[in-house]
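Participant: any chance you can model this:
(chains A and B)
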Amino acid sequence: MENRINKVDSTRKNPARISEKNVKKRRVLDALFNCVSYVFSSFGVCILVLIIGFVFSKGSSTLSWDFITSDYNTTTVTCSYLDGRDKSITYSNPNVEGLEFSTGWGVGFEDSIDAMNEEVVFVKYVDENSPFNNLTDTSTGETMDDTINLVIDSALLKSAEGDVFVVTGDDGAEVMAQQFDRGNSIMNLTLKTVGGGTRASLETTLYMIGLTLVFALPLGIGCAIYLHEYSKENAMTRIIRSLILATAGVPSIIFGLVGALIFIPFVNSVAGSNGGSIMSGALTLAIMLLPIIVTNTEEAMKTIPSSYKAASLALGASQTQTTFKVILPNAIPGILTGTLLAIGRIIGESAALIYATGASIQDTVLLNGSSTTLSVHIWSLMNGQSPNYKAACAIAIVIIVIDFLLNIIVKLIGNRLQNKFKGVKN
Amino acid sequence: MNNNIENNTMFKANNINLSYGDKHVLKDVNIEIYEKKVTAFIGPSGCGKSTFLRCFDRLNDLIPDCRISGELFLDEKNVEDYNPIVLRSMVGMVFQSPNPFPMSIFDNVAYGPRCQGIKNKKILREIVVNSLKKAALYDEVKDRLKDSGLSLSGGQQQRLCIARTIAMEPEVILMDEPTSALDPIATLKIEKLILELKKDYSIIIVTHNMQQATRISDYTAFFMLGEIIEYNETIELFSRPKNKKTEDYITGRFG
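Facilitator: Reported below is the predicted structural model:
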């Protein structure tokens, strides 16, 4: 023994021994590898920032509270003010920038662009004593509640001298204000809502998330429990497992076809709907997302120490009690991860839903009716003759924000549960 | 083994043979375990003592290719004839490393009774408090029963596991090297506890620590390569070993 130690010490020819030269060479190599990883990761970050920046810069001008909360289709109201205004009153101009004020009517107009990217004239300001507060809806005969933020389609005015003339939205706000001042009474005024809003699509997205998870979670978790706890490790189990994994790789448009051919007729016969519906879409997505939930749940179950199971059984608990009282609660963080991934895909999915739900943008949201999620809404906006980039980007912002919020919420829940399991006090 | 007339037999094993796949782990094991005594299983690693321990509450059933032959009687009834759930509520098990469930201290102890269908909160609380007191843990945790079982120290966790086992009011407590993951002070506490518990329960303990076996056990069985080489009163076995192998092992000349 002693000899051997001496030999190694004296010869100093051990190749693993660190020499000055080696250290230098290694330093250079390390620097090279570090450099490469820094460059690549910053490249990735740059691309991400660029994409989000692009979407925000394009979409932020269109994005507004109204955009999120208003209907997609426009509603038109026709009204009139035939009494003739009091010529002696002049209303004071609020002097807001961009506002073209009609002193005779006490109304401010503004040039703007609607959600469909067209130039329109808005009613932006109405003085509290203005006759505009007493416009009569010609179809119902009632007084109009509010005209602010409506678009002026056209107006048929009559001057004090009896001339009848027309002014339309194409004339712009400035001309509109002048012409209104000329007019003494409004014979016919066509107002319409802005339209292009995404309220229904937003609601549909939330319904779709909820309904899909209602279908997919019990199914996926049940499947994972079977695979992990009850199934024997044999050919059948292996086939089931590889089929589930294979399902994850099937393009979503194929699921869309399956949805259109199987779930739409099924939902039609059960829920009495006609054509694609949120329900048929949710069923399709549930099948599509099954692998994500099954694999995540099973992975989470695999990480649970087998000693928990042994302890539970040794205490006289049955297999089922062990599964539901010990295994499943501990798998919740994994189930949440799967759920989060699933939600991300539900929000982002368009191809499957175009077939399984339909792509025409609606304003009424019914579980057995067809309406679009935000992603399909984008698809529909971009699919026509004149793609509307701005509105599409605005919706993209909404999608990114929803994704971000859901991410934070699920992370918080997950952390809370994890802390509880690890014995950290809340 | 002739002076055990006053002892009641708890377990009786007849020619137990056990194999995992084609690995023969236990060979013709015969033993009688006595009521309200501490019986220690000693022997080198891989000699089958833990495997034999797991036969008593049929935890080996969980291992897919495990085959057992021979008979093991608990109260003169073959353990194979018991419903495993009933058997396991009569025979408790404390594992090598502390494994409390990731739930509150209270829920940990109440787990077994709850699985048996006890829902009354008053009864559950009584069971939990009594079990924790018997496991000498109550004074340390009485103010924080709602805290996670995992927030306790290793020794406390192991006593929690013992309390959890006691909550089922078993007749036998099996302990598989319960102190191997603990420091000497925690070990001492557990040993004191075992001496206390033997008034009410029969205890079978697997240990690598021969001093521990001499300190706490009444009977000791020496296992080697799946066979019981010698089984006797602890004092007898350690002071006057009859078998050469036993002598070699307990004097440390084995190997």
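
Participant: now do the helix or strand harbouring A:Ile152: distance to the chain's middle.
Facilitator: Assigning secondary structure by DSSP states H and E places A:Ile152 in strand A:151-159. Centroid displacement of strand A:151-159 relative to its chain, using Cα atoms, centre = their mean, to the nearest Å, is 38 Å.

Participant: ok, now stretch B:77-85?
Facilitator: Stretch B:77-85 sits 18 Å away from the centroid of its parent chain (Cα atoms, centre = their mean).

Participant: can you pull out the strands in the stretch 1-150 of chain B?
Facilitator: In the stretch 1-150 of chain B, the strands defined using DSSP state E, counting those that start in this stretch lie at B:9-20, B:23-34, B:38-42, B:66-74, B:77-78, B:91-94.

Participant: so can I have CSV of the ones you listed showing mean neighbour count?
Facilitator: C-betas here are computed from N, CA, C, even on glycine. Converted to CSV, those look like this (neighbours: other Cβ atoms under 10 Å in any protein chain shown):
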stretch, mean neighbour count
strand B:9-20, 18
strand B:23-34, 18
strand B:38-42, 26
strand B:66-74, 16
strand B:77-78, 11
strand B:91-94, 26
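
Participant: to A:Leu406, which of the ones you listed lies closest?
Facilitator: strand B:91-94 (43.2 Å; Cβ to Cβ).

Participant: and the closest one, what other elements does it pack with?
Facilitator: Judged by 3 or more Cβ pairs under 8 Å, 6 or more residues apart in numbering or on different chains; DSSP states H and E, strand B:91-94 is in contact with helix A:306-314, helix B:154-166, strand B:172-176.

Participant: can I get those in CSV with distance to B:Gln211, mean pLDDT and mean neighbour count?
Facilitator: Formatted as CSV, these follow (distance: least, Cβ to Cβ, whole Å; pLDDT from 0 to 100; neighbours: other Cβ atoms under 10 Å in any protein chain shown):
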stretch, distance to B:Gln211, mean pLDDT, mean neighbour count
helix A:306-314, 27, 90, 20
helix B:154-166, 18, 92, 25
strand B:172-176, 16, 92, 24
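
Participant: which helix or which strand is home to A:Ile186?
Facilitator: A:Ile186 belongs to strand A:183-192, assigned by DSSP H and E.

Participant: which parts of the stretch 51-200 of chain B sit against chain A?
Facilitator: Contact residues (Cβ under 8 Å from any Cβ of the partner chain) of the stretch 51-200 of chain B with chain A: B:57, B:59, B:62, B:64, B:85-86, B:88-89, B:92-93, B:95, B:97, B:99, B:101-103, B:111-112, B:115-116, B:147-152, B:161, B:164-165, B:168.

Participant: ok, back up a step: and the angle for the strand holding A:Ile186 with strand A:151-159?
Facilitator: Inter-element angle recorded for strand A:183-192 and strand A:151-159: 160 degrees (by axes from the mean of the first three to the mean of the last three Cα atoms, to 10 degrees).

Participant: same for strand A:183-192, what does it pack against?
Facilitator: With contacts taken as 3+ Cβ pairs under 8 Å, 6+ apart, strand A:183-192 sits against strand A:76-81, strand A:151-159.

Participant: may I see the buried residues of that strand?
Facilitator: Judged by neighbour count (16 or more other Cβ atoms under 10 Å in any protein chain shown), strand A:183-192 contains these buried residues: A:183-186, A:188-192.

Participant: how about the contacts made by A:Gly162?
Facilitator: Under the criterion of Cβ atoms under 8 Å, 6 or more residues apart in numbering or on different chains, A:Gly162 has no neighbours.

Participant: mind checking the SS state of B:Gln253?
Facilitator: Careful, residue B:253 is Arg; it's not Gln. coil (DSSP: H, G, I helix; E, B strand; the rest coil).

Participant: chain neighbours aside, what residue packs nearest to it?
Facilitator: Of all residues not flanking B:Arg253 in the chain, B:Glu247 sits nearest, at 7.9 Å (Cβ to Cβ, 6 or more residues apart in numbering or on different chains).

Participant: number of nearby residues for that neighbour?
Facilitator: 17 (other Cβ atoms under 10 Å in any protein chain shown).

Participant: I figured it was touching B:Pro241, is that so?
Facilitator: Yes - assessed by Cβ atoms under 8 Å, B:Glu247 is found in contact with B:Pro241 at 4.3 Å.

Participant: can you pull the contacts of the residue nearest to B:Arg144 when sequence neighbours are not counted?
Facilitator: Closest residue to B:Arg144 apart from its sequence neighbours, by Cβ to Cβ, 6+ apart: B:Ile105 at 7.0 Å. By Cβ under 8 Å, 6+ apart, the residues touching B:Ile105 are B:132, B:141, B:144-149, B:152, B:160.

Participant: for the residues you listed, which one is nearest chain A?
Facilitator: Using Cβ to the nearest Cβ, B:Ser148 is the member of the contacts of B:Ile105 that sits closest to chain A, with 3.2 Å.

Participant: where does the record place the domain boundaries for chain A?
Facilitator: Chain A breaks down by automatic domain parsing into domains covering A:74-192, A:199-422.

Participant: start and end of the shortest one, how far apart?
Facilitator: Spelled out, it's domain A:74-192. End-to-end span of domain A:74-192 (Cα to Cα, to the nearest Å): 6 Å.

Participant: and that domain, how far out from the chain middle?
Facilitator: So, by Cα atoms, centre = their mean, the centroid of domain A:74-192 is 36 Å from its chain's centroid.

Participant: re earlier: want to throw the strands of the stretch 1-150 of chain B into TSV with mean pLDDT and distance to A:Ile68?
Facilitator: Listed next are those as TSV, based on pLDDT from 0 to 100; distance: least, Cβ to Cβ, whole Å:
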stretch	mean pLDDT	distance to A:Ile68
strand B:9-20	87	64
strand B:23-34	89	67
strand B:38-42	92	71
strand B:66-74	88	62
strand B:77-78	86	71
strand B:91-94	92	59
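
Participant: in a markdown table: those strands, plus distance to B:Ser217.
Facilitator: What follows is the strands of the stretch 1-150 of chain B, written out as a markdown table (distance: least, Cβ to Cβ, whole Å):
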| stretch | distance to B:Ser217 |
| --- | --- |
| strand B:9-20 | 14 |
| strand B:23-34 | 11 |
| strand B:38-42 | 4 |
| strand B:66-74 | 20 |
| strand B:77-78 | 26 |
| strand B:91-94 | 15 |
